[in-house]
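1. the amino acid sequence is not available; the structure is as follows:
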């Protein structure tokens with residue numbers, strides 16, 4: 001089943017122009033999928049029907065559901081203290097979490113603290129300082145950091161003074177590289193321009209905006225009210241302040257969302273012209289996320305609607321000049337990731353896509369994830385437990401895992417597929433001292449089937465994704481995911497179900 005995605009992007013027709021009102025959009029700018037009966041669209045729809053939409057992001061392998069509680073703070077401390085000499089010479093990345101939010105968004109699956117008084121912030125910052133006090137002697141004197149992500153939660157829940165206090169304390173422990181990537185996530189609905197400029201002065205040079213959807217009905221449903229003009233103003237102020245990249249998250253499959261509502265939001269977003277657009281699939285799992293229990297399944301878009309939304313977004317973003325770097329992340333052609341992709345240097349690491357190679361990562365704060373050498377560790381989710389553990393002078397680790405040799409090989413294979421879209425069999429064999437076809441005998445049989453379906457090109461030396469394969473790359477990666485194969489990993493709620 002061959003689907004020439006690049007040609008398909010060029011031939012799909014989308015009515016151009018700005019639309020003033022939602023009703024006019026619904027009438028004058030019909031959904032791409034509804035106005036096209038091309039064979040390419042049908043083939044793409046069939047691929048997504050067969051292999052699913054959304055799913056595992058593979059920012060960690062194995063996933064956090066495989067982490068075990070016997071890997072505790074002492075285990076993480078040993079891993080840090082015994083870092084390989086070569087790794088110790090490489091820069092670190094930081095995962096810093098501020099978990100506070102004014103209210104809970106329906107689609108959010110993070111560990112957040114909602115509705116707490118702002119009086120809870122100062123004790124939390126003090127606790128983060130204690131965490132740094134424990135980490136500092138383990139890491140040595142002022143290790144270099146080349147990547148940091150400050151997320152949560154909503155970091156702009158903090159006042160400007162509290163944010164400065166946090167960043168200043170982190171900078172006391174680490175030396176930040178001049179050309180590093182330092183990202184902050186914000187809620188654009190509650191921000192003053194001077195706060196954005198203050199963030200730039202603290203060294204942040206990338207920003208990610210949680211948009212969800214511009215349609216008023218959908219915003220009410222997901223409890224996230226924000227306005228297009230305010231979002232545009234935040235983006236403009238950020239660029240003027242020196243942020244070199246502003247990214248936006250657009251969700252599909254949300255409660256009450258229709259094809260027309262999604263098309264409305266998509267066009268608004270294209271008009272804003274952000275540097276990066278992440279297309280995210282809503283995960284409906286009311287057993288794990290109580291805020292979702294208010295919605296019956298019949299208010300969710302069905303499988304066909306979700307597939308159509310995703311295909312329309314891919315087409316319209318391609319027409320607008322965005323480059324699909326993988327896993328539904330689209331960037332402008334002059335953005336760092338697009339340049340890295342053209343030069344064959346695109347990487348997939350714990351942050352997602354990056355132009356930097358993967359480094360050891362230190363997690364700081366509630367629910368943060370560390371990766372040191374062959375180990376992962378995740379901090380506690382509960383705020384009180386996090387405080388208690390640090391008052392005892394112990395790293396607040398809830399669970400973790402030390403990767404087996406097999407985990408390491410599979411991790412490398414999955415990262416190669418997601419980053420470069422190809423696997424050098426010889427490179428894997430040399431790096432991990434395995435016979436690829438013997439080690440992955442069952443997987444190779446599945447790959448043969450996928451190759452016949454047009455998803456892969458197989459040679460004795462290489463496994464290469466075709467354009468069809470890139471469309472469903474998660475399904476190809478899942479072939480190498482031992483935990484999904486055995487059923488011992490938690491279900492992937494990002495997959496579309498009827």
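-> Nice, thanks for sending it over. On a predicted model such as this, the values are computed, not experimentally measured, just so you know. Numbering: from 1, shown residues only.
2. what residue lies at the spatial centre of the protein?
-> With distances taken as CA atoms, centre = their mean, the residue of the chain nearest its centroid is residue 352 (5.5 Å).
3. grab the nearest non-local neighbour of it.
-> Nearest in space to residue 352, with sequence neighbours left out and distances taken as CB to CB, 6 or more residues apart in numbering, is residue 59 at 6.1 Å. For the C-beta atoms, the positions are set from N, CA and C on the backbone; glycine is no exception.
4. correct me, but that neighbour touches residue 350?
-> Yes - counting by CB atoms under 8 Å, residue 59 does reach residue 350; the two are 5.5 Å apart.
5. surely residue 484 is in contact with residue 478?
-> Yes - using CB under 8 Å, residue 484 is in contact with residue 478, at 5.4 Å.
6. who touches both of the two?
-> The overlap between the contact sets of residue 484 and residue 478 (CB atoms under 8 Å, 6 or more residues apart in numbering) consists of residue 56.
7. quick check: longest helix of the protein.
-> As assigned by DSSP state H, the longest helix anywhere in the chain is helix 121-139.
8. give the buried residues for that helix.
-> Going by neighbour count (16 or more other CB atoms under 10 Å), the buried part of helix 121-139 is 121, 124-125, 127-132, 134-135, 138-139.
9. could you do stretch 353-360 as well?
-> Using 16+ other CB under 10 Å as the test for burial, stretch 353-360 gives 353-356, 358-360.
10. which strands and helices sit next to the longest helix of the chain?
-> Using 3 or more CB pairs under 8 Å, 6 or more residues apart in numbering; DSSP states H and E as the contact criterion, the elements in contact with helix 121-139 are helix 73-81, strand 92-98, helix 160-173, strand 361-364, helix 383-391.
11. mean pLDDT and mean neighbour count added to these, as a markdown table?
-> Putting those into a markdown table (pLDDT from 0 to 100; neighbours: other CB atoms under 10 Å) gives the following:
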| stretch | mean pLDDT | mean neighbour count |
| --- | --- | --- |
| helix 73-81 | 95 | 18 |
| strand 92-98 | 95 | 23 |
| helix 160-173 | 95 | 17 |
| strand 361-364 | 96 | 26 |
| helix 383-391 | 96 | 16 |
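12. of all the ones you listed, which one is nearest residue 306?
-> strand 92-98 (29.6 Å; CB to CB).
13. mind checking how far whichever helix or strand comes after the closest one is from the chain centre?
-> The first helix or strand that comes after strand 92-98 along the chain, using DSSP states H and E, is strand 100-101. Averaging C-alpha positions (CA atoms, centre = their mean, to the nearest Å) puts strand 100-101 19 Å from its chain's average.
14. just stretch 51-64 next, same as before
-> Counting by CA atoms, centre = their mean, stretch 51-64 comes out at 10 Å from the chain centroid.
15. do stretch 119-126 as well
-> 27 Å.
16. what's in contact with that stretch?
-> Identification of contacts with stretch 119-126 by CB under 8 Å, 6+ apart yields 98-100, 113, 157-158, 162, 165-166, 169, 365-366, 383, 387.
17. repeat that for stretch 445-455.
-> Stretch 445-455 has contacts (CB under 8 Å, 6+ apart) with 1-3, 456-458, 463, 465-466, 468-469, 472, 475-476, 479.
18. low-scoring stretches of the stretch 351-498 of the chain, by residue?
-> Applying pLDDT under 70 to the stretch 351-498 of the chain picks out residues 485-498.
19. the strands in it, which residues?
-> Under the criterion DSSP state E, counting those that start in this stretch, strands of the stretch 351-498 of the chain are mapped to 352-354, 361-364, 369-372, 375-379, 397-402, 422-424, 456-458, 462-465.
20. now these as CSV including distance to residue 70?
-> Shown next, in CSV, are the strands of the stretch 351-498 of the chain (distance: least, CB to CB, whole Å):
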stretch, distance to residue 70
strand 352-354, 29
strand 361-364, 18
strand 369-372, 16
strand 375-379, 12
strand 397-402, 8
strand 422-424, 33
strand 456-458, 38
strand 462-465, 36
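21. and of the ones you listed, who's closest to residue 304?
-> With respect to residue 304, and counting by CB to CB, the nearest of the strands of the stretch 351-498 of the chain is strand 462-465 at 25.3 Å.
22. and that closest one, what does it pack onto?
-> Applying 3+ CB pairs under 8 Å, 6+ apart, we find strand 462-465 packed against strand 422-424, strand 456-458.
23. measure residue 75 to residue 372 for me?
-> 10 Å (CB to CB, to the nearest Å).
24. switch the helices and strands packed on strand 462-465 over to JSON lines; also include mean neighbour count and distance to residue 439.
-> Formatted as JSON lines, those follow (neighbours: other CB atoms under 10 Å; distance: least, CB to CB, whole Å):
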{"stretch": "strand 422-424", "mean neighbour count": "18", "distance to residue 439": "13"}
{"stretch": "strand 456-458", "mean neighbour count": "17", "distance to residue 439": "16"}
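25. quick one, longest strand in the chain?
-> Secondary structure of the chain per DSSP state E: the longest strand is strand 175-186.
26. strand partners of it, parallel vs antiparallel please.
-> strand 144-152 (parallel), strand 206-212 (parallel) (DSSP bridges).
27. and the helix or strand following the shortest one, what's buried?
-> It refers to strand 206-212. The helix or strand immediately downstream of strand 206-212 is helix 216-222, counting by DSSP H and E. Buried positions in helix 216-222, judged by neighbour count with 16+ other CB under 10 Å: 218-219, 221-222.
28. now the residues you listed in a markdown table, with distance to residue 430?
-> Supplementary listing: those in a markdown table, determined by distance: CB to CB, whole Å:
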| residue | distance to residue 430 |
| --- | --- |
| 218 | 50 |
| 219 | 52 |
| 221 | 52 |
| 222 | 48 |
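29. can you classify the residue lying closest to residue 217 once chain neighbours are set aside by secondary structure?
-> Nearest residue to residue 217, sequence neighbours excluded (CB to CB, 6+ apart): residue 256, at 5.6 Å. Classification of residue 256 using DSSP: H, G, I helix; E, B strand; the rest coil returns coil.
30. does residue 256 touch residue 213 like I think?
-> No - using CB under 8 Å, residue 256 is not in contact with residue 213, being 9.6 Å away.
31. the residue nearest to residue 217 - how many residues pack around it?
-> By other CB atoms under 10 Å, the residues close to residue 256 number 17.
32. ok, the closest residue to residue 439 other than its chain neighbours - how many residues close by?
-> In this structure, residue 439 finds its nearest non-sequential neighbour in residue 409, 6.7 Å apart by CB to CB, 6+ apart. Close neighbours of residue 409, defined as other CB under 10 Å, add up to 21.
33. so residue 409 sits against residue 435, correct?
-> No - counting by CB under 8 Å, residue 409 does not reach residue 435; the two are 11.1 Å apart.
34. now the nearest residue to residue 280 once chain neighbours are set aside: which helix or strand?
-> Spatial nearest neighbour of residue 280, chain neighbours left out: residue 251 (4.9 Å); criterion: CB to CB, 6+ apart. Per DSSP H and E, residue 251 falls inside strand 245-252.
35. which residues does the residue nearest to the centre of the chain contact?
-> Applying CB under 8 Å, 6+ apart to residue 352 gives the contacts 57, 59, 327, 329.
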